[in-house]
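# I would like the atomic coordinates for the input below:
(one chain, ligands or ions: 2)
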Amino acid sequence: MPEVQELSELLQRLHRALAAEADRGFGNIRGNRQYFSEFLSAALSEPPTGIAGADEQRRWQDLGKKFERYGELEAGARAHLVAETRRFLHRLRRSLEPPPVPKSNGRNSRSQPPPKPEVLEQPVSTLKGIGPKLAAQLEKLGLTTIGAVLRYFPRDYLDYTNRTTIKTCEVGQTVTIVAQVRRASCFTSPRNHKLAVFSLTLGDGTGQMQLSQFFAGSRFTNRGWQEGQLKRFPRGATVAASGLVRRGKAGLTLHEPQLEVLDEEESTDHLRRIVPVYPLVEGVGAGVVRRAVTAALPFADALVDPLPASIRTSAGLMETAEAIRAVHYPESLEQKTAARRRLVFDEFFFLQLGLLQRRWRQKKRSEGIAFRTQGELIEQFYGLLPFALTGAQKRVVQEVLTDLASPEPMNRLVQGDVGSGKTVIAVIAMLAAIQSGYQTALMAPTEVLAEQHYQKLVQWFAQLHLPVELITGSVRATRRREVLRQLATGELRVVVGTHALIQDGVQFANLGLAVIDEQHRFGVNQRARLQNKGRNPDVLTMTATPIPRTLALTLHGDLDVSQVDELPPGRKPIRTTVVTPAERSAVIELIRRQVLEGRQVYVVLPLIEESEKSDLRSAFEEHERLKEKVFPEFRVGLLHGRLKSEQKEEVITAFRAHTLDILVSTTVVEVGVDVPNASLMLIEHAERFGLAQLHQLRGRVGRGASQSFCLLMSASKSEAALQRLKVLEQSTDGFFIAEMDLRLRGPGEVIGTRQSGLPDMVLSSLIEDQETLERSRHEAQALIERDPELTSFPLLRTELGSRLDRLMDGAILT
Ligand code: ADP
Ligand code: MG
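Numbering: from 1, shown residues only. Ligands and ions are numbered 1, 2, ... in the order given. Just a heads-up that it's a prediction; the model follows:
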C-alpha cells in the first residue's frame with residue numbers, strides 16, 4: 001500500500017510540474033534547483049516499483065529519454081511531448097485508483113449531495129459533449145481534467161448586456177456590437193516596419209464601422225501571421241467587438257477593440273449575457289473552451305473551500321464554488337468583480353502564507369548573530385560625517401540596528417531614491433559587524449559601482465584605521481591572491497566587490513554581514529551564494545528602483561522593507577522636459593551653454609531591441625556625429641557595454657577628471673557613475689525606456705549644487721507615450737513614479753509575468769485592488785502568528801502544500 005501512496009504522490013508532483021510548464025508557455029521553466037526538463041528526465045529515468053506492466057515501464061523510460069532533449073525542441077514539439085506525457089500519466093493514475101465516473105447533465109439541485117472531490121481529477125473526456133477530438137484540443141491548453149477546466153479563468157469578458165447596434169453607438173460609451181465582416185486587411189505599416197495593422201470593416205444592417213488593431217513586433221510583420229489573421233476573420237463571419245466608442249478619421253470607431261469571432265450557435269445564444277473570453281492557442285476555438293466550462297460547472301460544488309469561515313466572513317468573500325461559477329458566467333459585472341476578488345484573495349493569501357511560514361521556519365531553525373550595535377567605531381564614524389543624517393536615514397538606521405542586535409538573521413531591503421543616501425546606512429551596519437568581531441562584504445552589480453563604493457569606504461575607513469580591499473574581475477592576480485588569503489584568515493574585515501566575490505575561491509573566516517547594492521540586478525542565486533559564504537550572516541539589500549508596497553510584498557514577502565523616503569537637504573530638483581526633434585537646435589544650444597559654463601553633459605542612447613550590434617552602431621554614430629559635426633570644439637567621449645573594463649574605467653575617469661565635456665553612453669551609466677559637475681542629461685528615444693529606468697538614469701545629474709536638467713527626446717506620436725513621459729516632468733519622487741509606471745504600463749510589463757509566476761489576475765489586482773491584497777496579507781500574517789504550522793487548519797495545510805510547488809517554480813519563492 002505505501003508503494004501506491006508513494007507512486008501517487010510522485011504522479012501528483014509530475015502532474016503539477018507539467019501543468020506549470022504548460023501554463024507558462026513551454027519555456028522550460030526553472031524551479032528551485034533545476035530546469036523542468038531536468039526534473040522530468042530524472043523522475044522518469046527509472047520506473048517506480050508501483051508500476052507493474054512491462055509496457056508501462058518501457059513507456060515511462062522512453063518519455064524520460066525524450067525529456068533529456070526537451071531543451072532543444074521547438075515550442076510545438078515541447079507542447080506535444082508535455083501533452084503526451086500528461087496523457088500517459090493520467091492513464092496510469094486512473095489505473096491505480098479507479099474512482100467512480102459520474103456523468104452529470106446539469107447543475108446539482110439542492111437535494112442532491114455535492115459531487116465528490118475526486119471528480120475534479122477526472123479527464124475532460126468524461127464531460128458531456130466532449131469527445132476525444134475536443135479533449136485533444138483542450139489538452140493543448142493544458143486542460144486535461146475537470147478541475148483544470150474549472151480553474152481556467154477568463155482573461156476578459158464580452159459584455160452583451162451593453163450590446164448596441166452600430167447606428168446607436170455614441171462617443172464615450174463602452175459598447176459591444178455584433179456584426180458581420182465586410183472587409184478585412186492586414187499589412188505592415190509603411191511608416192513603422194515593426195508594426196502590423198489589422199483593419200476590419202463590420203456591418204450589422206444598421207450601418208458600417210471600421211476598426212483597427214495594432215500589433216508591434218517582428219512576429220506580426222511576418223506574412224504568415226498576417227495571412228493567418230485574415231483567415232480568422234473571413235468575409236461574412238460574425239464578430240463581437242467591444243470597446244470605447246471614439247471618433248476616428250472614417251467616422252465612429254472603437255478604441256483598442258476586443259474582437260471575437262462567434263460561431264453560429266453562440267451568436268444567438270449569448271444575447272444579453274456576459275460571456276467569458278479565454279486565453280487560447282492556435283487550433284483551439286473559443287467555443288470549445290466555453291463548451292467544456294459549461295459542462296464542467298456543475299462539478300464546481302466538488303471544490304472544497306480551504307478558507308476558514310471566520311476569514312471568509314471577516315474579509316467578505318464568496319465561497320469557492322460560487323466564485324468559480326461566477327468568474328466564468330457572472331450574472332452582472334458586480335458579481336464578476338466579487339468572484340475575482342475571492343480568487344485573487346486566495347492566490348495572494350497562499351503566496352503570503354507560504355512566504356511567512358518559510359520565514360518563520362528559517363528564523364526558528366537558524367541561530368543568527370546578535371551584533372553589538374553600540375560602540376566606539378560607530379561613534380567615531382558619526383564624528384567624521386560632514387553632514388547630519390536625514391530623518392529617514394535615522395529611522396532606517398534604527399530599523400537596521402534593531403535587526404542586527406537580535407539573534408535572528410536579518411533579511412532587510414532598503415528602498416530609496418537615487419541620492420537618498422543609502423550608502424551611509426550600509427556603512428553604519430558594516431561598522432556594527434566589524435566592532436562585533438565579524439567580517440563584512442559589500443557586493444555591487446558593476447565594476448564601476450564597486451570601484452566607487454570602494455573609494456568612498458577607503459576614504460572613511462582610513463580614518464578609522466580599517467583596511468578595505470576590492471575584488472573585481474580586473475584586480476590583478478597577485479593582489480587578488482593576497483586579498484583572498486587575508487579574507488580566509490580573517491585578517492581583512494571589509495571587502496567590496498562585484499560578482500567576483502561569490503566565486504568558489506573566495507572564503508571568509510567569519511562573514512557576519514553581507515550588503516548587496518542594487519539587489520534587483522542580481523539573481524536570487526547570486527544573492528544566496530554570497531549569503532552562503534558565512535553561517536547565517538545578516539543580509540542587507542539596497543535598491544534605488546523603488547516599487548509600490550503591494551508589489552514589494554508580492555515579490556519580497558519574506559523580506560522586511562525599509563524606505564528612505566527623504567532626500568538630503570539642499571538638493572535642487574532636476575528640471576525635466578520632454579522635447580521633440582523639432583526642438584533639437586534649442587537642445588544643442590542648451591548643451592553648448594552648459595559646457596561653456598564649465599559643466600558636463602551626458603547623452604544617453606537606449607537599448608534598441610533587435611541586437612546589441614545595432615545598439616553599438618547607434619552609439620558609435622552618435623558619438624561621431626557629435627564629435628565631428630555638432631560640437632567639434634568640445635571633448636566628446638564614448639562609453640558602452642562592450643568596452644573592456646579598463647577602457648570603461650579610463651573613460652569614466654576622464655569624465656570625472658573633466659578632460660571630457662560630453663559623454664555619449666548607452667545605459668551603462670545607469671548605475672553608479674557619480675560626477676557632481678555633470679548638470680545636463682539628454683536621453684534619446686526616451687519613450688523606449690520604463691519610467692523607473694528614466695528616473696534612475698537622470699539621477700546621474702543633480703548631484704552637485706547647481707541647477708541640473710534632463711531632456712527626454714521623443715519622436716513618438718503616441719499620446720499615451722508622451723503622457724507617460726510627462727510624469728517625469730511633474731515628479732521627482734521615485735515611489736510615485738514607480739507606481740505610475742505600474743499603472744501605465746501594467747505590472748506584467750514592469751516585472752514580467754513569466755518571471756513572477758503569478759497569475760495575470762493577481763498582477764492586475766496590484767493596481768486595481770490593492771485593498772484585497774493588503775487584506776489577504778494581513779489575514780495570512782495573523783494566522784501564521786497564531787498557528788505557524790497550521791496544525792489546527794488541515795484544509796489550509798493541504799491547499800498550501802498543493803499550491804506551493806507551482807509558486808516555487810516562479811521567481812518569487814525561490
Ligand atoms: P544612494 O542612495 O543613491 O546610494 P548615496 O549614498 O550615494 O545615495 O548618497 C548620495 C550623496 O549624498 C553622497 O555624496 C552622500 O555622501 C550624500 N549624503 C548622504 N546622506 C546625506 C545627508 N544626510 N546630508 C547630506 N548629504 C548626504
Ligand atoms: Mg547607491
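
# Could you verify my assumption that Leu728 touches Ile737?
Yes. Using CB atoms under 8 Å, Leu728 makes contact with Ile737 at a distance of 6.8 Å. C-betas here are computed from N, CA, C, even on glycine.

# For the stretch 201-350 of the chain, which segments count as strands?
208-216, 238-248, 251-262, 274-277 (DSSP state E, counting those that start in this stretch).

# Repeat that for the stretch 651-800 of the chain.
With DSSP E, counting those that start in this stretch as the criterion, the stretch 651-800 of the chain has strands spanning 662-665, 678-683, 709-713.

# And those: which comes nearest ligand 1?
Nearest of these to ligand 1, taken as CB to the nearest ligand atom: strand 678-683 at 13.6 Å.

# Can you spell out which helices and strands pack onto that closest one?
If you count contacts as 3 or more CB pairs under 8 Å, 6 or more residues apart in numbering; DSSP states H and E, strand 678-683 packs onto helix 584-596, strand 600-604, helix 691-698, strand 709-713.

# and it, which strands flank it?
Under the criterion DSSP bridges, strand 678-683 sits next to strand 600-604 (parallel), strand 709-713 (parallel) in its sheet.

# Tell me which of the ones you listed approaches Ala240 most closely.
With CB to CB as the criterion, Ala240 lies closest to strand 709-713 of the strands paired with strand 678-683, at 39.8 Å.

# what's the angle between that closest one and helix 691-698?
Using axes from the mean of the first three to the mean of the last three CA atoms, to 10 degrees, the inter-axis angle of strand 709-713 relative to helix 691-698 is 130 degrees.

# about what we covered before: and the helices and strands packed on strand 678-683, which one averages the lowest pLDDT?
Mean pLDDT values for the helices and strands packed on strand 678-683 show the minimum at helix 691-698, a mean of 86.

# Any idea what Val239 is bridged to?
Beta-bridge partners, per DSSP bridges, of Val239: Ala179, Val261.

# From ligand 1, how far out is it?
52 Å (CB to the nearest ligand atom, to the nearest Å).

# that older thread, common neighbours of Leu728 and Ile737, please.
Contact criterion CB atoms under 8 Å, 6 or more residues apart in numbering; residues shared by Leu728 and Ile737: 691, 695.

# Quick one: mean pLDDT over stretch 743-755.
If you average the pLDDT values across stretch 743-755, you get 58.

# the helices in the stretch 451-600 of the chain, which residues?
Counting by DSSP state H, counting those that start in this stretch, the segments of the stretch 451-600 of the chain that form helices are 477-489, 524-531, 549-555, 584-596.

# Now render those helices as a markdown table, adding distance to Arg803 and mean neighbour count.
Below are those laid out as a markdown table (distance: least, CB to CB, whole Å; neighbours: other CB atoms under 10 Å):
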| stretch | distance to Arg803 | mean neighbour count |
| --- | --- | --- |
| helix 477-489 | 42 | 14 |
| helix 524-531 | 20 | 17 |
| helix 549-555 | 15 | 21 |
| helix 584-596 | 53 | 15 |
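
# out of the ones you listed, which comes closest to ligand 1?
Ligand 1 sits nearest to helix 549-555 of all the helices of the stretch 451-600 of the chain, at 17.0 Å, using CB to the nearest ligand atom.
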